[in-house]
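need the 3D shape of this:
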Amino acid sequence: MDILWLLSGLALGWGGARLRHNGLLFGFWGCGIGLLLSTSLLMIWKNSGWAPPAMAAVSLWALLLVAEIVRRHACEAREKARLKGVFQRCVSPSVAEQILNSHSLEELLAGKTTEATVLFFDIRGFSSAAEKLAAEHLLHSLNRHLEIIVKNVLAHGGMINNFLGDAVLAVFNCPLPLENSRSQALRCFLACRENLGNLATDRPQNIPFDCAQDRPVNFSFGAGLNHGRVVAGGVGSQDRFNYSVIGDEVNLAARLESLTRHYPVDIILSGPVFQGLDEGLAANCLRMDRVTVKGRENPLNLYTLLELSAEDRARHQAALDSYLKGKFKEAAAVWEKLDHPLFRFMAGRCKQFTATPPESWPGYFSWTEK
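Next up is the predicted model:
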């Protein structure tokens, strides 16, 4: 009889070891064995007044195992609730639940390298408005803009990674896979541009800052869009952390956004984004320059959204080819005939290079500013 109960104890240990990663089955296994042994012990004792010596030890082991299961489940439930709170600030509640159901806590917190599309938004005019507005009025206006961006990010399957003052970092295809994440991110930008444009038309243009009448301020914005490998996971300490993405591709999205302060466009896309766009979206994109950005040595092509006729698109391409070959005068002559601030900007650079030729022209422009 003792050998039988010892074998039961070994079965309990074996089952616990095999099922320890599946909390639900582990709980059923431990509770079932504990209940079986305890009931058997009670029946034998009640009928004969005697219980095998090993039986009490195994029963105690089962009860301790059940207590440990309860403790683990309580800890896991607290950790899952905390992580759910983190994700509900980034995505919709239904998506947060889907993330937690499809990933283990260890996987989400440990981090992994994955492909993602990164959209970096920056709201312009915040600093100058801060000099003229009361704090509560300024925050009200800023939050109206951020609310539009957040709603569109969530509507297009993205995740709000972080708020950086008056900037927003959004991620697509992470932590849940998203089909056509590059196209979805660009559609998100287009929806934001339309909604923010409608917001701007709601305010009388002759009253830019009117605290007395509580008219909200409308800001301009710029965006950078990049796609590549990022590291995603829990960032912070045990007590305070966020699920975030980090890496060089995230930094590049921020660099592209900052370039919209120099080029007269409101979004700049990287080559990897352009190459993965749906045909309809790609048709409205234009390669505008080839550059290196601060912190990177390899040149990259810059794209933007710009609808042009087939004739103007061909003329721009001819000018860009001449420019990249160092034929600045030829490029400027073509760009000056095209009616858009971007082409006037590029023509101005060519004129500068014509007046003061660079010592050597590698076929791309190097930005030294962030």
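
tell me where the chain has strands.
Per DSSP state E, the chain carries strands over the ranges 112-124, 159-164, 167-172, 220-236, 241-246, 267-270, 285-292, 300-305, 365-366.

give the partner strands of the longest one in its sheet and their orientations.
In the sheet, strand 220-236 lines up against strand 112-124 (antiparallel), strand 241-246 (antiparallel), strand 267-270 (parallel) (DSSP bridges).

give me the buried positions along that strand.
By neighbour count with 16 or more other CB atoms under 10 Å, strand 220-236 contains the buried residues 221-228, 230-234. In this view, the C-beta of every residue, glycine as well, is placed from N, C-alpha and C.

rewinding a little: format the strands paired with strand 220-236 as JSON lines; extra columns: distance to residue 180.
Below are those laid out as JSON lines (distance: least, CB to CB, whole Å):
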{"stretch": "strand 112-124", "distance to residue 180": "10"}
{"stretch": "strand 241-246", "distance to residue 180": "19"}
{"stretch": "strand 267-270", "distance to residue 180": "15"}
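
out of these, deepest packed?
Highest mean neighbour count among these (mean count of other CB atoms under 10 Å): strand 267-270, with a mean of 27.

mind exporting the C-alpha coordinates of that one to PDB?
Taking Å, rounded to 0.1, in the frame of the first residue of the first chain, the C-alpha atoms of strand 267-270 are listed here in PDB:
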ATOM      1  CA  ILE A 267       5.700  63.700 -44.500                       C
ATOM      2  CA  ILE A 268       8.800  62.000 -45.600                       C
ATOM      3  CA  LEU A 269       8.900  58.200 -46.200                       C
ATOM      4  CA  SER A 270      12.000  55.900 -46.300                       C
END
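
contacts for it?
With contact meaning CB atoms under 8 Å, 6 or more residues apart in numbering, strand 267-270 is reached by 186, 189, 222-227, 252-253, 256-257, 259-260, 285, 288, 300-305.

just for the stretch 51-200 of the chain, where's the confidence low?
For the stretch 51-200 of the chain, applying pLDDT under 70 flags the ranges 51-109, 200.

what ranges does it have for its helices?
Here the stretch 51-200 of the chain has its helices, by DSSP state H, counting those that start in this stretch, at 53-88, 93-102, 105-110, 126-130, 135-155, 181-201.

beta partners of residue 226?
Note on residue 226: beta-bridge partners residue 118, judged by DSSP bridges.

if we can go back for a sec, tell me which of the buried residues of strand 220-236 is nearest to residue 313?
residue 225 (20.6 Å; CB to CB).

surely that closest one and residue 158 touch.
No: Residue 225 lies out of contact with residue 158 (CB atoms under 8 Å); the separation is 11.5 Å.

give me the common contacts of these two.
Joint contacts of residue 225 and residue 158 (CB under 8 Å, 6+ apart) are 119, 185.

mind checking pLDDT for the residue lying closest to residue 342 once chain neighbours are set aside?
Excluding its sequence neighbours, the residue lying closest to residue 342 (CB to CB, 6 or more residues apart in numbering) is residue 264, at 5.5 Å. Residue 264 is assigned a pLDDT of 96 by the prediction.

so residue 264 touches residue 348, yeah?
No: here residue 264 does not reach residue 348: they are 10.7 Å apart, not a contact under CB under 8 Å.

circling back to that earlier point, next, format the strands of the chain as TSV and append distance to residue 339.
Formatted as TSV, the strands of the chain follow (distance: least, CB to CB, whole Å):
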stretch	distance to residue 339
strand 112-124	24
strand 159-164	36
strand 167-172	32
strand 220-236	21
strand 241-246	39
strand 267-270	20
strand 285-292	14
strand 300-305	16
strand 365-366	23
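
for residue 322, which of those strands is the nearest?
strand 285-292 (12.9 Å).

which positions within that closest one qualify as buried?
285, 286, 288, 289, 290, 291, 292.

any idea how far residue 115 is from the residue lying closest to the fourth one once chain neighbours are set aside?
Yep, that's residue 289 we're talking about. Sequence neighbours aside, residue 302 is the residue nearest to residue 289 in space, at 4.7 Å (criterion: CB to CB, 6+ apart). The spacing between residue 302 and residue 115, counted by CB to CB, to the nearest Å, is 21 Å.
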